[in-house]
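mind looking at a prediction? Sequence and model below.
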Amino acid sequence: MGVFVHICRDSGLQYWDVILGGNLMPYHDVLVIGGGLAGLRAAIAVNEMNASVGVISKVHPLRSHSVAAQGGVNAPLGNHPRGGHDSWKKLAYDTVKGSDFLADQDAVIKMATEAASRIHEIEHWGCPFSRTEEGKIAQRPFGGAGFPRTCYASDTIGHALLNTAYEQTVRFKQAAERRELAIYPEWLVLALVREGDECQGVVAMELKSGKLEVFGSGAVIFATGGSGRIYANTSNALINTGIGMAVPYWAGVPLKDMEFEQFHPTTLLGKNILVTEGARGEGGFLLNSKGERFLANYPDSQKAMEVAPRDIVSRNITREILDGRGFEGGGGYVHLDLRHLGREKIMERLHGIRTICLEFAGVDPITDLIPIQPGHHYTMGGISCNTACETGLHGLYAAGEVACVSVHGANRLGGNSLLETLVFGKIAGENAAKYVQGKGAAGKIGKAHERALKKTEEKIEGLLTRENGEDAASIKKEMTEVMAKKVGVFREERCLAEALACIKELRVRFKDVALRHRGRGWNLSLQMALELEGSLDVADAVAAGALSREESRGSHFRTDFPKRDDEKWLKHTLAFYSEDGARLQYCDVRPGPVRLEERKY
Ligand SMILES: Cc1cc2nc3c(=O)[nH]c(=O)nc-3n(C[C@H](O)[C@H](O)[C@H](O)COP(=O)(O)OP(=O)(O)OC[C@H]3O[C@@H](n4cnc5c(N)ncnc54)[C@H](O)[C@@H]3O)c2cc1C
């Protein structure tokens, strides 16, 4: 193992760097894995509690997928005249109904009650929200509420929020009175250090050198984002491979509700780049090949029309395409019409969308129709944890898209994900910092660190020395295509069984993967192979959960079981890792004041 000396300003070496087998090991009270919005918010919270924190991220934090968020973040501020009556109770109610009753209502209430405080907090940190004429945070309509509740910053809310949070981490880093906040960009976490039922750190690879390092800590927070890249047709960044879900899964922590994958109604034809729900919130229309606003023809969307929940709009677009009322080519598509909004509104509020349309589809939304199709967008499931962000493993926490605190249930409302990152990022940071209080580094360093390091090194050596074998890229392509084709908007037993069998075969073929490039530094084929192993296991959990759940709920629509079945299926799926694939168990949904009989929309 290489020596890693982590120099820090305001404390002695003995606290931060502890000795492992004669070498130095970087040590922080809390490690945060992921530099997106959830990870940075968690790191700030740890720091505010006067504990030391290290943020490990496989890209620079500002390149995390959070930066790509377009439309906005929900909070019941009531700043718009049409939303003046809004309250946390209404946000909670809409979220539970949107979730098709699978959300845990205590988690939803937690998020809804803290929403306004988190938004005002980040506003005070300097987040450049768009403003009303009176100077208040501007809000636009998104799916679920029926009136403007989503706080926005033109159509680049992720950029505004993530940069603001990052500025705070830099501020803390420089404040002498705080415990240290160190950022390790371009380090890929590959394994947990687990001793008994306790998490004691992680093993990570520095991408620049290929060097492996074991990091010790009193607690670890996973904030590693979604896993959209298990699908070929996703709006997610290339980095969202699912490895951050797989690492705790391999260590015995279950993944919850993985069959619930959100398909966004409007992604750009063929490219699947997102065209924000804000475009419809601002008044955009969806038109079929006859020029009709077809959502009026479906009972579940005729009231809310373009701002009905995403699962409903995605299904109704797909139905139009399947019934021949869409356009052919690229898997079929319909049109999004923004022309009637006018140049001024488009330039002010949807400027980024116009640029995307011009550059990637050659159309100008001011004068042209935009070709769109539903695409994979969001992972509702994730690392199973409670409302305190605790997993079943002591000292391991999860927050943000990688977590399943269970606020989104079977379908997430637009604008609720960024809110979740801020609310639960803070909660995870505070609870992790509390957990490590009074626990020094002593007693934390042991055989588990050496074991985890050795096992990961052997895995890498295996990949680097295998002479002949299959290319990882072909396995990845097959996985993403089968997920898109057979575990998509509409699902049925035969397709799901075929998808699951295919993923299982790919998991076997993966064992013979050989790399073209054998170097350690910046070896992208090594990185891709290491991450692909995680993607395959996550895809397996998704397909297994979807095949097993014989009902339709939220984003999971089974054509062979088209009804919601509360008697049998009002329960969460838990997937446990095994060599042969996901082992499924079920646990209860925590009900609350929003009652089941209040059917959605
Ligand atoms: C195009 C697009 C637009 C969106 N628009 C909106 C919107 O308008 N409103 C809304 O509410 N939601 C929106 N969402 C969803 C929302 O942006 C995300 O769910 C949220 O930002 C996720 O934040 P996060 O911090 O959990 O993860 P991310 O921002 O994805 O960050 C994950 C971090 O984990 C790191 N990481 C992952 N694996 C590892 C590993 N193994 N080792 C080390 N580091 C690792 C990455 O480097 C990254 O820093 C959008 C999503 C997309 C894709």
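Cool, the structure landed.

ok, now how distant is His377 from the ligand?
6 Å (C-beta to the nearest ligand atom, to the nearest Å). Where C-beta positions appear, they are placed from N, C-alpha and C, glycine not excepted.

which helix or strand contains His120?
Under the criterion DSSP states H and E, the helix or strand holding His120 is helix 105-124.

hmm, whatever helix or strand comes next after that helix touching the ligand?
Next in sequence after helix 105-124, counting helices and strands by DSSP H and E, comes strand 139-141. No. Using C-beta under 6 Å from any ligand atom, strand 139-141 never reaches the ligand; the gap is at least 10.3 Å.

re earlier: how about residues contacting the helix holding His120?
For helix 105-124, the external contacting residues (C-beta atoms under 8 Å, 6 or more residues apart in numbering) are 73-77, 88-89, 91-92, 95-96, 99, 129, 137, 151, 161, 164-165, 387, 405-407, 416, 419-420, 422-424, 426-427, 590-594.

ok, now with 7 Å
73-77, 88, 91-92, 95-96, 129, 137, 151, 161, 164, 387, 405-407, 419-420, 422-423, 426, 590-594 (C-beta atoms under 7 Å, 6 or more residues apart in numbering).

centre of the chain versus whichever strand or helix holds Thr573, how much separation?
If you go by DSSP H and E, Thr573 is part of strand 571-576. Relative to the centre of its chain, strand 571-576 is centred 18 Å away, using C-alpha atoms, centre = their mean, to the nearest Å.

pLDDT on the helix holding His120, on average?
Mean pLDDT, helix 105-124: 98.

for it, what is the distance to the chain centroid?
Relative to its chain's centre, helix 105-124 lies at 18 Å (C-alpha atoms, centre = their mean).

could you do stretch 154-174 as well?
18 Å.

residues near the residue in the stretch 101-250 of the chain that the ligand sits nearest to, how many?
Closest residue of the stretch 101-250 of the chain to the ligand, C-beta to the nearest ligand atom: Gly225 (2.4 Å). Look at Gly225: counted by other C-beta atoms under 10 Å, it has 29 neighbours.

check whether it sits in a helix, strand or coil.
Put simply, Gly225 is coil when judged by DSSP: H, G, I helix; E, B strand; the rest coil.

what do you get for Val59?
Assignment for Val59 (three-state DSSP): coil.

which residues touch it?
Contacts for Val59 (C-beta under 7 Å, 6+ apart) come out as Pro185, Glu186, Ile239.

still on that earlier bit, the contacts of helix 105-124, buried ones only, as a PyMOL selection?
Buried members of the contacts of helix 105-124, defined by 16 or more other C-beta atoms under 10 Å, are picked up in PyMOL with:
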select buried, resi 73+74+75+76+77+88+91+92+95+96+129+137+151+161+164+387+405+406+407+419+420+422+423+426+594
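
quick check: whichever residue of the stretch 301-450 of the chain sits closest to the ligand vs Gly242, distance?
When scored by C-beta to the nearest ligand atom, the stretch 301-450 of the chain has Gly400 as its residue closest to the ligand, at 2.4 Å. According to C-beta to C-beta, to the nearest Å, Gly400 stands 14 Å off from Gly242.

and the two? Which one has more around it.
Gly400 (34 against 30).

contact partners for that one?
Gly34, Gly36, Leu37, Ala38, Gly39, Ala223, Gly225, Glu420, Thr421, Phe424, Gly425.
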